[in-house]
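Fold the following, please.
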Amino acid sequence: MMKLLTIVLGAAILLGFMEPMMGAGHPPCWTRWYNSDIPNGPGDIELLAQLTHEYQGEICPKPMNIQVETVDGVPANKTGQIFHLYSNTKGFVCLNHEQSSGKCLDYKVRFQCQCNSNEHLYCCY
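You can find the predicted model right below:
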């Protein structure tokens, strides 16, 4: 009886330590990149509501983070441009009239979501 209890306790402790390593906590992951607009007209507008409508099932409804780069791969914060909106809950907006050059660069966005191994809605990269 004592040997069985020791095995059960040992297994419980081992599984308790291994569970986070096995992905039970479902770490955050990133969606693919989206570039649905070009900086013509008012600027470059990549709104979360529009993207989730256009790409249904690909972006979680409440992203934890947003990442923005130019289409050439330069991080947005390295461009020197001014951003009207930079929000994980609303998306990204660069307005041409707010730029010293008069034009926004072309940007792409991606969102960080909580992965869930039981759902295959969000493609992680």
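
Tell me the spacing between residue 69 and residue 114.
22 Å (C-beta to C-beta, to the nearest Å). For every residue, glycine as well, the C-beta is placed using N, CA and C.

Looking at these two, which one has more neighbours?
residue 69 (19 against 15; other C-beta atoms under 10 Å).

what helix or strand does the more buried one sit in?
Here residue 69, judged by DSSP states H and E, is contained in strand 65-70.

Show the low-confidence segments of the chain, by residue range.
For the chain, the stretches with pLDDT under 70 are 1-26, 116-125.

Okay, helices next: where are they in it?
2-18, 48-54 (DSSP state H).

in this protein, which strand has the most residues?
Scanning the chain for the longest strand, with DSSP state E as the assignment, gives strand 107-114.

List the contacts of the nearest residue to residue 68 once chain neighbours are set aside.
Leaving out its chain neighbours, the residue that sits closest to residue 68 by C-beta to C-beta, 6 or more residues apart in numbering is residue 76, at 3.9 Å. Residue 76 makes contact with 68-70, 83, 86, 92, 107, according to C-beta atoms under 8 Å, 6 or more residues apart in numbering.

So which of those is surrounded by the most neighbours?
residue 107 (27 neighbours).

Across the sheet, point out what pairs with that residue.
residue 70 (DSSP bridges).

wait, isn't it in contact with residue 72?
No - when contacts are counted by C-beta atoms under 8 Å, residue 107 is not listed as touching residue 72 (10.1 Å).

So residue 31 versus residue 63, what's the distance?
8 Å.

Which of these two has more residues huddled nearby?
The neighbour count for residue 31 versus residue 63, taken as other C-beta under 10 Å, is higher for residue 63 (25 against 22).

excluding its backbone neighbours, what's nearest the more buried one?
Nearest one to residue 63, counting by C-beta to C-beta, 6+ apart, is residue 111 at 3.7 Å.

Perfect, I'm done here.
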